[in-house]
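Chemist: fold the following.
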Amino acid sequence: INMATNTALIGQGDGTTLFLQSGSYSGNMAMISAINVTDVEISNLRMNGNDVGASVGFGMGIQFRNVSSSTVSYVHAYDQVDTAIFLEQGSNGNRIVGNTAIDSFKPIYLSDNADYNIVTGNYMSEGGNAGMNIESSSSYNIITNNIINLNEGYGVRFQFGTNVENIISDNVITNNGGSG
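Modeler: Modelled structure (predicted):
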């Protein structure tokens, strides 16, 4: 699904499930993608990435690339080959609120100058990497009131580049393979 500027994809909660058919991963792909747009809303649905048997590719649940003033809320994204919710390449001023991101290599990931985003009230668990990844000069983000547990790597991981003035507060970060 490709999102356009000023569009919304709003489900009915658990009754709205996007399911990726077995064997349909081909290289880099996202179940829902927004590229070079603004004012997108994705809310109130489940996304099953069906990563069983997938060994290649960069499969994502939701991908924002150069997206601003947009929201992902109350989405239950699971079994993604790589990333459940991915903000990259200048995705600024977005809200990631109240989501469940589990059993994906990277539950929530900010990369390549993803700045001024708010990540709050999410549950990030059972990731093969860190629960929350912040890298490649992603700065001025607020990461608060999340539960980050049972990930194989760190709870929150900063890497690559200069990540400055990110606020990490009031999160519950427990039982991860790495520290913090």
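
Chemist: quick one: average confidence on stretch 46-59?
Modeler: Per-residue pLDDT over stretch 46-59 has a mean of 73.

Chemist: ditto for stretch 20-35
Modeler: On average, stretch 20-35 scores 79.

Chemist: let's verify the residue nearest to the spatial centre of the chain: helix, strand, or coil?
Modeler: The centroid of the chain falls nearest to I85 when counting by C-alpha atoms, centre = their mean (1.8 Å). Recorded secondary structure, I85: strand (DSSP: H, G, I helix; E, B strand; the rest coil).

Chemist: and it, what does it touch?
Modeler: Under the criterion of C-beta atoms under 8 Å, 6 or more residues apart in numbering, the contact partners of I85 comprise 61-62, 72, 75, 77, 96, 99, 101, 107-109. Using the backbone N, CA and C atoms, a C-beta is placed for each residue, glycine as well.

Chemist: and for Q12?
Modeler: Q12 neighbours (C-beta under 8 Å, 6+ apart): 44-45.

Chemist: any idea how far it lies from G161?
Modeler: Remark: distance between Q12 and G161 (C-beta to C-beta, to the nearest Å) = 40 Å.

Chemist: please apply the same query to D39.
Modeler: Look at D39 and G161: by C-beta to C-beta, they are 28 Å apart.

Chemist: next one: V97
Modeler: From V97 to G161 the distance is 26 Å (C-beta to C-beta).

Chemist: so M29 bridges to which residues?
Modeler: According to DSSP bridges, the residues that bridge with M29 are G59.

Chemist: what is the neighbour count of it?
Modeler: M29: 16 surrounding residues under other C-beta atoms under 10 Å.

Chemist: show me where pLDDT drops low in the protein?
Modeler: Applying pLDDT under 70 to the chain picks out residues 22-27, 52-57.

Chemist: can we see that at 90?
Modeler: Within the chain, the ranges that satisfy pLDDT under 90 run 14, 20-29, 49-59, 81, 136, 159-163, 178-180.

Chemist: tell me the bridge partners for the residue nearest to the centre of the chain.
Modeler: I62, I108.

Chemist: with V97 instead?
Modeler: Here V97, judged by DSSP bridges, has bridge partners S73, T120.

Chemist: and for the one 4 residues further on?
Modeler: When bridges are taken as DSSP bridges, the partners of A101 come out as A77, M124.

Chemist: go ahead and confirm it touches D82.
Modeler: No: A101 lies out of contact with D82 (C-beta atoms under 8 Å); the separation is 11.8 Å.

Chemist: alright, that wraps it up for me.
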